[in-house]
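>>> Could you work out the structure for the sequence below:
(one chain, ligands or ions: 2)
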Amino acid sequence: MSQIVGFPRIGENRELKRALESFWAGKISQNELEKVAKDLRAKHWAQQKELDYVCVNDFSFYDNVLDLAYALGAKPARFQHLSGLEGYFAMARGHKDGLACEMTKWFNTNYHFVVPELSSNDIYKVDASAIINQYKEAKALGYKPKISLIGIFTFVALSKITQGEFAEVFNAIKAAYFTLLDELARLDSSLLIEFSEPIFTRGVDERFYDLIKPTYDAIADKGIKAVVSTFFEHSNEASEILLESKIYGLGLDFIYGEKNKQILARLAKSDKVLLAGVIDGRNIWIADLESKLALLEEIATHIPKERIVISSSCSLLHTPYSKSAESKMDSEILSWLSFGLDKIEELLTLDTLFRAPNDSARSKLESNQALIATRKSSSKIHDSALKARLDSSIKTSRDEDFATRIKAQRSALAYPNLATTTIGSFPQTQEIRALRLGYKKGAISKEQYDEGIKAYIKDCIAFQEEIGLDVLVHGEPERNDMVEYFGEQMKGFVFSQNAWVQSYGSRCVKPPIIYGDVSRPKAMTIEWITYAQSLTKKLVKGMLTGPVTILNWSFVRDDVPRALVCKQIALGIADEIDDLQKAGIKIIQVDEAAFKEGYPLRAENIAEYERWALECFKIATANAESSTQIHTHMCYSEFNDIIRTIQALDADVISIETARSGNKLLKVFKEVGYKHEIGPGVYDIHSPRVPSVSELEAQIRALLEVLPKEQLWINPDCGLKTRKWEEVKPSLENLVKATKNVLGSLQ
Ligand code: GLN
Ligand code: ZN
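Ligands and ions are numbered 1, 2, ... in the order given. Now for the predicted structure:
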């Protein structure tokens, strides 16, 4: 028996994305959108037909947490009067009657879900029709369906309770959830539902402790075959409770939750089935079938084979659809990759090998072992010079401490208090995108391209000088994406043509693939930064992406520890800093937008991540001389739990996203005695709104209530690439004016 937790829904060629965007633009009708969705489901089920069942309700028009909220009737008051897709998309994307619900990352993946808002004032009205219809669709096509549903504990834990006590809200949601299940239970006498409860990988929340068993007992009593699945880590605390309940089975991740093995002996004593997640659902490397078989045999020493269902470790939502469109990638590297459809193949082959090996499966195993062997020994992966460098002593911190450095910087760079700057990118215009694309496709010559980029940089510098910013940037016109730009220039990375994964709604990303040792053959940014610097006497800030962010936004090779890959990237960035300094650049920003995204789910693993992530950032920046100023930027506003690590990064200046959270965050910096300089974003770049001078002044004065002017920089809260020039120009003008006004009043 074999199964997957879920299938990627966006479509082989992102059909769902296109249909959604056409629908939102009013170009296609709801019927046409539904037709695309129905066809996609049918196509995706056909791909799963040899598995023991196909997944129903893993499909979504936007997000499956939102689907559940909507099915339960958990709509925020501002959208109560809306129904159908209008209400649904209002929650996801906003509406004239109210702001969208928040969106946040789904555990430690780059998928984002819509955060439900629950209140004790809500009156839930359940609508199971979407799930029921999909179930019937699958049945009509002759498939054996399994329903995928977000578990109630995960749902409630991820929701925002806007009013009322937890217990009250939980009981109301539970009643609605049970009504939904009652309607579903009518579909089949022993309906299989896989409840996704990844929240249990964080341990068991005290509030849930006594609720888990009775809730799942009650679900089983409805005649539902309930499987509770967790992924991305082990969930032993919850498994212990669930094994005492009446559920049908447990789904466990043996890739990212090896410690799940500890529960096997107890699971064996129960009568439950095990969905054994042994095929990696969120990375893209071919499985080593022999070692997977060994793992399954190990599991089978505890649990009879008939009770083991071989599964993906999580939904394949996090992997691309298929390799069929990859015509440009090095064919050897491509042969080491396994996308969604390949993973289904792997599951089927494993299942045969595990239970009743035949010749065809044996020959698949043989070719798989050959690929695994070539991947291990390939010269494409191993770089001996780099290995020697890693084995030698590496500089892991700057020569002098911050107090000494900042004196050197203040005297060498002579920037004022409340120095004004930006985070790096300026608006990405149609022309600049067309220029990059044309160059990539070969339609535009190198000379024309360089000319276009230089013209943009020149305008950027002229504008910044004109309005009087203190530290300038070149504007990043040459970068399509802050990770891709560096990945494309480093060895060890490949880029796919079609390996899209859903990030949120219709948004997909195509993460770089790190397949081998990473190194930087030559300078990556010097040409543009030095050109920008040649145009002005003011300081131009060099702009790099940090190693941890490059790692966290890529598909990373699985044959060496992530920490090692990160260290290799860090050495490349360190070399770039060397070159920037030699070229006369005095301020260098190393962006770590995704530093926080790599945090482990379980508290006990955090220290280890912080240790190496911190070390890598420090290696990347260690070459900076004392008088070279290192900036970093992080795009979030929750620093409470990581503030000590941020401090230990030892960046001379950090810019952060505070515009939307007021001074709360800054106080955290003050409380821990943060001495380094800080640029708390003074306005929110995520909105087109132009902040007024007086508003910015008030914001700056508020900052000064917490920290002294000597410690503060004034800047927007993130890069400006998604904004329009018409918004950016007046906003930055006002920012400079407001800063001058405040400075004037301080003297
Ligand atoms: N330097 C980058 C920019 O300005 C930083 C982007 C980010 O933080 N996400 O675009
Ligand atoms: Zn940012």
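
>>> Phe463: neighbour count?
Neighbour count of Phe463, defined by other CB atoms under 10 Å: 18. C-beta: built from backbone N, CA, C; applies to glycine.

>>> how much space is there between the nearest residue to it once chain neighbours are set aside and Val693?
Nearest residue to Phe463 in three dimensions, chain neighbours excluded: Lys729, at 7.1 Å (CB to CB, 6 or more residues apart in numbering). Distance of Lys729 to Val693, given as CB to CB, to the nearest Å: 14 Å.

>>> burial count for the residue nearest to Phe463?
16.

>>> Check what pLDDT the residue in the stretch 451-600 of the chain that ligand 2 sits nearest to gets.
Residue nearest to ligand 2 within the stretch 451-600 of the chain (CB to the ion): Ala593, separated by 5.1 Å. Confidence at Ala593, expressed as pLDDT, is 93.

>>> and it, helix, strand or coil?
Three-state call for Ala593 (DSSP: H, G, I helix; E, B strand; the rest coil): coil.

>>> sorry, back to before: any residue of the one helix or strand the residue nearest to Phe463 maps to touching ligand 1?
Using DSSP states H and E, Lys729 maps to helix 725-746. No. Applying CB under 6 Å from any ligand atom, one finds helix 725-746 out of contact with ligand 1, separated by at least 11.7 Å.

>>> which ones are touching the closest residue to ligand 1 within the stretch 251-400 of the chain?
Closest to ligand 1 within the stretch 251-400 of the chain is His318: 20.8 Å, counting by CB to the nearest ligand atom. By CB atoms under 8 Å, 6 or more residues apart in numbering, the contact list for His318 reads 109-111, 281-282, 501.

>>> Against ligand 1, which of the residues you listed make the cut? List them.
For ligand 1, no contacts are drawn from the contacts of His318 by CB under 6 Å from any ligand atom.

>>> Near ligand 1, which residues of this protein are found?
Contact residues, the chain versus ligand 1 (CB under 6 Å from any ligand atom): 423-425, 476, 482, 543, 591, 593, 633, 635, 718-719, 721.

>>> need the strands for the stretch 351-500 of the chain, in chain order.
Secondary structure of the stretch 351-500 of the chain, counting by DSSP state E, counting those that start in this stretch: strands at 419-420, 471-472, 491-494.

>>> ugh, wrong one, the stretch 1-150 of the chain
So, for the stretch 1-150 of the chain - with DSSP E, counting those that start in this stretch - the strands run 2-3, 54-56, 103-105, 112-114, 117-119, 145-150.

>>> got the buried residues for the third one?
Right, strand 103-105. By neighbour count on 16 or more other CB atoms under 10 Å, the buried set for strand 103-105 is Met103.

>>> And that strand, what does it pack against?
strand 112-114 (3 or more CB pairs under 8 Å, 6 or more residues apart in numbering; DSSP states H and E).

>>> Now the residue nearest the centre of the chain: phi and psi?
Nearest to the geometric centre of the chain sits Asn110, at 1.9 Å (CA atoms, centre = their mean). Main-chain torsions, Asn110, degrees, to the nearest 10: phi -100, psi 20.

>>> what about the residue nearest to it when sequence neighbours are not counted, which helix or strand?
In space, and not counting its chain neighbours, Asn110 is closest to Ser503: 5.9 Å by CB to CB, 6+ apart. Ser503 belongs to strand 501-504 when assigned by DSSP H and E.

>>> Other residues contacting the helix or strand of the chain with the lowest mean pLDDT?
Lowest on mean pLDDT, DSSP states H and E among the helices and strands of the chain sits helix 664-671, with a mean of 83. Under the criterion CB under 8 Å, 6+ apart, residues 637-640, 643, 656, 658, 678, 680, 703, 706-707 lie in contact with helix 664-671.

>>> And the pLDDT for Val227?
98.

>>> Which single residue of the stretch 501-650 of the chain ends up nearest ligand 2?
For the stretch 501-650 of the chain, CB to the ion, closest residue to ligand 2: Cys635, 3.0 Å.

>>> I figured that residue hits Cys718, correct?
Yes. With contact defined as CB atoms under 8 Å, Cys635 and Cys718 form a contacting pair (5.2 Å).

>>> could the contacts of helix 664-671 be laid out in CSV, adding secondary structure and neighbour count?
CSV is the format used below for the contacts of helix 664-671 (DSSP: H, G, I helix; E, B strand; the rest coil; neighbours: other CB atoms under 10 Å):
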residue, secondary structure, neighbour count
Ser637, coil, 18
Glu638, coil, 13
Phe639, coil, 25
Asn640, helix, 10
Ile643, helix, 16
Ile656, strand, 24
Thr658, coil, 24
Ile678, strand, 22
Pro680, strand, 28
Leu703, helix, 24
Val706, helix, 19
Leu707, coil, 18
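
>>> In CSV: these, plus pLDDT.
Below are those laid out as CSV (pLDDT from 0 to 100):
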residue, pLDDT
Ser637, 68
Glu638, 77
Phe639, 80
Asn640, 81
Ile643, 89
Ile656, 91
Thr658, 78
Ile678, 95
Pro680, 93
Leu703, 92
Val706, 90
Leu707, 92
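
>>> Ile150 - nearest residue in space that isn't next to it in sequence?
Excluding the flanking residues, the one nearest Ile150 by CB to CB, 6+ apart is Leu68, at 4.9 Å.

>>> Measure how buried the one you found is and give me the count.
Neighbour number of Leu68 under other CB under 10 Å is 24.

>>> just checking, it touches Gly151?
No. Contact criterion CB under 8 Å: Leu68 and Gly151 do not qualify, at 9.5 Å.

>>> any idea how far Arg202 is from Val548?
Counting by CB to CB, the gap from Arg202 to Val548 is 22 Å.

>>> The residue of the stretch 451-600 of the chain closest to ligand 2: neighbouring residues, count only.
Quick note: Ala593 (other CB under 10 Å) scores 23 neighbours.

>>> Now do the residue lying closest to Glu484 once chain neighbours are set aside, the pLDDT please.
Distances taken as CB to CB, 6+ apart place Pro512 nearest to Glu484, at 5.9 Å, with adjacent residues excluded. As predicted, Pro512 sits at a pLDDT of 97.

>>> dump the residue contacts of Ile247.
Ile247 neighbours (CB under 8 Å, 6+ apart): 216, 219-220, 226-228, 272.

>>> switch the cut-off to 6 Å
216, 220, 226, 228 (CB atoms under 6 Å, 6 or more residues apart in numbering).

>>> And Phe7, by the same measure?
Phe7 makes contact with 44, 55, 58, 316, according to CB under 6 Å, 6+ apart.

>>> who's in contact with the first one?
For His44, the contacting residues are Phe7, by CB under 6 Å, 6+ apart.

>>> could you measure it against Val115, distance?
On the measure of CB to CB, His44 and Val115 end up 27 Å apart.

>>> repeat for the last one
When CB to CB is the yardstick, Leu316 and Val115 sit 24 Å from each other.

>>> What's the nearest residue in this protein when you look at ligand 1?
Closest point on the chain to ligand 1, by CB to the nearest ligand atom, is Gly719, at 2.1 Å.

>>> With adjacent residues omitted, what lies nearest to that residue?
Per CB to CB, 6+ apart, closest to Gly719 is Ser425, 3.8 Å.
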